[in-house]
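Student: Okay, predicted coordinates and the sequence, questions at the end:
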Amino acid sequence: MAARLPSSPPVLPGFTHVHILGKGGFADVFLYEQNLPRRPVAVKVMHADLVDDRVRSAFRSEVNLMGRLSAHPSILSVHSASVSADGRPYLVMELCSTEIGDRFRERPFELDEALEVVVRIGGALETAHRAGTLHRDVKPANILTTAFGHPVLSDFGIAANMHLGDHEAEGVSVPWSAPEVLRDETAGTVASEVWSFGATLYSLVAGRSPAEIRGGRNGTDELTARILAHDIQPFDVDAPEALRAVVRKALAKDPADRYHAILPMVEDLQAVQLEMGVPVTPIDLQERPWSRDVEGAADEPREEELPLRARAARRRAPMRGAQQIDISSSTQAAPPPSRRGLVSVLAGAATAVVLGAVAVVAVAVTTIQGTVPVVDEVVAEPVDGGVAFTWDDPGLVDADSYLVTTASGDAVIQRGSTFRLSGATGDELCITVAVNRDGRSGDAAEACGEVP
Ligand SMILES: Nc1ncnc2c1ncn2[C@@H]1O[C@H](COP(=O)(O)OP(=O)(O)OP(=O)(O)O)[C@@H](O)[C@H]1O
């Protein structure tokens with residue numbers, strides 16, 4: 001198949017296009033310069049031919065998901081999202097380096113280096129699982145590095161959730177896919193995520209994925225056949241037996257023999273760090289669990305936020321990217337409280353919350369909700385060809401943002417306190433504005449204006 005040319009970069013108000021960063025199966029990623037605050041950003045723009053109403057709806061759901069997760073120190077930061085004038089949804093992200101995915105084959109990681117990366121990413125994955133989300137495309141290339149040298153998990157399925165239909169995927173991540181996923185038995189479970197995470201650890205250290213044979217034929221068919229036959233190549237690196245045991249358990253053929261969650265696996269990796277005499281990397285976990293069963297009915301997600309929960313197993317190609325999981329009903333998803341002492345204080349706090357009565361959690365949630373500032377008034381001013389909305393800052397702090405929702409349901413996450421909608425003369429245009437703090441929105445203020 002001929003290589004696809006990158007799509008043209010859209011004209012985005014407030015951003016200047018610089019050059020393309022990379023091509024994905026469902027989106028292209030461009031370097032733009034944001035004008036205010038002035039900073040380089042990576043903008044992921046969906047391919048125009050994949051965009052339809054369903055895609056738009058899935059995109060909104062995923063942006064909301066990212067809004068909740070990207071405060072995690074090991075999850076790629078998303079600054080804002082919107083739809084370009086020519087109708088392509090786009091996501092403005094922190095600009096990162098792709099060195100981890102680019103280098104591991106030529107220059108495999110030293111054990112201590114790999115363990116630090118993997119423990120950090122494990123904290124991100126565990127957090128996502130507690131939020132009811134599977135990543136579904138865990139692999140070295142989806143671990144980016146921030147300007148400060150921190151590894152972050154990227155590509156939380158924005159693209160994958162946007163093609164729930166029959167669109168063909170390109171470049172399926174076979175080398176890091178669990179056998180049951182390749183057999184189409186499941187669209188993804190915590191156990192299959194454990195396999196991919198273990199395969200990622202294996203790859204960083206060995207310089208090749210677990211079923212790859214150096215100098216052998218490693219096409220998609222060969223790799224698929226080997227993974228299905230559990231023909232995992234020897235982990236031929238100088239590593240402590242404890243690390244080999246972690247890799248073996250994560251890559252077990254039978255999902256029931258693997259770790260039941262990411263956290264115990266990461267704790268075992270911390271124990272390896274301790275044994276090796278290298279600094280033990282803390283696991284960052286949210287202080288409050290996000291799992292829906294704990295948050296309660298008051299915060300039931302809207303239907304559109306659950307695009308994948310009830311999805312049946314599908315063909316292999318679309319089985320990538322984040323997936324909402326119902327932790328409350330999963331036999332594997334809800335990790336039991338840790339019994340080890342190595343996890344960070346944050347992990348301890350999270351465990352304490354899990355152990356606490358639901359009533360206690362409810363109080364905590366109410367308290368946090370109470371602290372989300374509320375926009376007092378949104379002013380709608382008719383302008384040429386549309387309506388300009390402005391509001392006063394009710395006291396945003398660093399990680400806060402505004403969630404602006406239009407009457408048609410489009411949602412934009414932004415920091416600025418102005419918003420403009422275009423329309424035809426006589427159209428009444430309305431928006432609501434709420435403050436988003438720690439992934440939770442406060443009460444919304446509404447305003448409407450008529451296009452002159
Ligand atoms: N935040 C970022 N900073 C810098 N480069 C990025 C960033 N996000 C993605 N890229 C680059 O853009 C490329 C395409 O990204 P994308 O996430 O769409 O692709 P993918 O994971 O390779 O494919 P797919 O979308 O099919 O899973 C990546 O391979 C990477 O090189």
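Tutor: Perfect, thanks for sending it.
Student: neighbours of the nearest residue to V118 once chain neighbours are set aside, just the number please.
Tutor: Residue nearest to V118 in three dimensions, not counting chain neighbours: L201, with 4.9 Å by Cβ to Cβ, 6 or more residues apart in numbering. Heads up, the C-betas are built off the backbone N, CA and C, glycines and all. L201 has 28 neighbouring residues, counting by other Cβ atoms under 10 Å.
Student: bridging residues for the closest residue to L69 other than its chain neighbours?
Tutor: Here the nearest residue to L69 in space, its sequence neighbours aside, is I75; by Cβ to Cβ, 6+ apart that works out to 5.1 Å. Listed by DSSP bridges, the beta-bridge partners for I75 are L153.
Student: Test my guess that I75 contacts L153.
Tutor: Yes. Taking Cβ atoms under 8 Å as the definition, I75 is a contact partner of L153 at 5.2 Å.
Student: contacting residues for the residue nearest to L69?
Tutor: Applying Cβ atoms under 8 Å, 6 or more residues apart in numbering to I75 gives the contacts L69, A124, T127, A128, V152, L153, F156.
Student: per-residue confidence at it?
Tutor: We have a pLDDT of 95 for I75.
Student: I'd like to know how far it sits from N142.
Tutor: 11 Å (Cβ to Cβ, to the nearest Å).
Student: Can you list the low-confidence ranges for this structure?
Tutor: Residues of the chain meeting the criterion pLDDT under 70: 1-5, 157-172, 287-370, 398-400, 408-414, 437-441.
Student: now for the lengthiest helix in it, which elements pack on it?
Tutor: Using DSSP state H to define each element, the chain has its longest helix at helix 111-130. Here helix 111-130 touches helix 53-69, strand 151-153, helix 190-206, helix 262-276, going by 3 or more Cβ pairs under 8 Å, 6 or more residues apart in numbering; DSSP states H and E.
Student: quick one: strands adjacent to the helix or strand that it is followed by?
Tutor: Once the chain leaves helix 111-130, the next helix or strand it forms, by DSSP states H and E, is strand 133-134. Using DSSP bridges, strand 133-134 pairs in its sheet with strand 323-324 (antiparallel).
Student: mind giving me the domain ranges of the protein?
Tutor: Dividing the chain into domains by automatic domain parsing, as the record does, gives the ranges 1-95, 100-276, 378-450.
Student: Out of those domains, which is closest to the ligand?
Tutor: Closest to the ligand of the domains of the chain, according to Cβ to the nearest ligand atom: domain 1-95, at 2.2 Å.
Student: which parts of this structure sit against the ligand?
Tutor: Counting by Cβ under 6 Å from any ligand atom, the chain comes close to the ligand at 21-27, 29, 42, 44, 76, 93-96, 98, 137, 141-142, 144, 154-155, 159, 171.
Student: follow-up on the earlier one: hey, what's in contact with both of I75 and L153?
Tutor: In contact with both I75 and L153: A124, A128, using Cβ under 8 Å, 6+ apart.
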